[in-house]
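A.B. asks: Pasting the sequence and the predicted coordinates here, then a few questions.
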Amino acid sequence: MTHPKFRLDRIDLLPVWTAYVDLEPTITRGAGPTGTRHVVPIIGGSFTGALAPEEDRQIPFNGSVVAGGFDIQRERKDGVLELEAIYHMRTDDGVMIEIRNNAVLTLTPNNEIDYSRSRINVDAPTGKYDWLNKRLIVGTVEEVEPEKQVLIRAFVLV
């Protein structure tokens with residue numbers, strides 16, 4: 001039997017967190033078999049949100065994005081960008097959560113983001129935040145300031 005708030009005949013999206021991720025400039029690593037390869041160092045940032053948004057009692061979820069992560073990008077020959085970002089978020093109470101964000105982006109002729117969707121894998125330790133390990137999370141990526149900051153919005157499928 002499913003939880004009464006989870007229906008099998010439809011899927012809803014509820015916001016979980018919003019993260020502002022600070023970046024170093026893009027480093028181009030040259031051509032590969034599927035296109036040009038880039039690396040973007042992640043140097044910090046912040047996030048805010050709430051866990052269990054489908055419940056009456058939500059859990060605040062805030063903290064910082066830890067320096068040392070990176071975003072590997074593949075600029076395919078058809079113009080599509082494939083991104084694989086790996087980084088950590090530290091909650092305000094000191095818990096470290098690993099994020100692996102796989103995204104697909106398309107750009108307009110003016111190099112503005114036209115389509116941006118991602119699948120976010122979360123590795124949270126057992127305890128207050130392990131709810132994240134038990135849900136399917138998707139998101140969007142948008143530029144706030146080119147080569148300096150992106151905005152990641154994360155949503156849970158319920």
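C.D. replies: Alright, I've got the coordinates. Numbers count the residues shown, from 1 in each chain.
A.B. asks: which stretches of the protein form strands?
C.D. replies: In the chain, the segments counted as strands under DSSP state E are 13-23, 27-32, 35-51, 59-65, 69-76, 81-91, 96-107, 113-123, 137-145, 149-157.
A.B. asks: Columns mean neighbour count, mean pLDDT and distance to W131 on top of the ones you listed, output as TSV?
C.D. replies: Placement of C-beta: from N, CA and C, glycine included. TSV is the format used below for the strands of the chain (neighbours: other C-beta atoms under 10 Å; pLDDT from 0 to 100; distance: least, C-beta to C-beta, whole Å):
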stretch	mean neighbour count	mean pLDDT	distance to W131
strand 13-23	19	97	9
strand 27-32	11	94	35
strand 35-51	17	97	5
strand 59-65	17	95	8
strand 69-76	18	96	22
strand 81-91	19	97	13
strand 96-107	18	97	11
strand 113-123	16	96	9
strand 137-145	17	95	11
strand 149-157	19	97	9
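A.B. asks: With respect to R7, which of those lies nearest?
C.D. replies: Evaluated with C-beta to C-beta, the strands of the chain place strand 149-157 nearest to R7, the distance being 11.5 Å.
A.B. asks: Give me the sheet partners of that closest one and which way each runs.
C.D. replies: Strands that pair with strand 149-157, judged by DSSP bridges, come out as strand 13-23 (antiparallel), strand 137-145 (antiparallel).
A.B. asks: Run the angle between the last one and strand 69-76 for me.
C.D. replies: Computed with axes from the mean of the first three to the mean of the last three C-alpha atoms, to 10 degrees, the direction of strand 137-145 lies at 90 degrees from that of strand 69-76.
A.B. asks: related to what we said a few turns ago, please tabulate the strands paired with strand 149-157 in a markdown table, including the columns distance to V39.
C.D. replies: Compiled in a markdown table, the strands paired with strand 149-157 are given as follows (distance: least, C-beta to C-beta, whole Å):
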| stretch | distance to V39 |
| --- | --- |
| strand 13-23 | 11 |
| strand 137-145 | 16 |
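A.B. asks: For the spatially most central residue of the chain, list the residues it contacts.
C.D. replies: The geometric centre of the chain, computed from its C-alpha atoms, lies nearest to N101 (C-alpha atoms, centre = their mean), at 4.7 Å. Under the criterion of C-beta atoms under 8 Å, 6 or more residues apart in numbering, the contact list for N101 reads 83-86, 118-121, 139, 141, 152.
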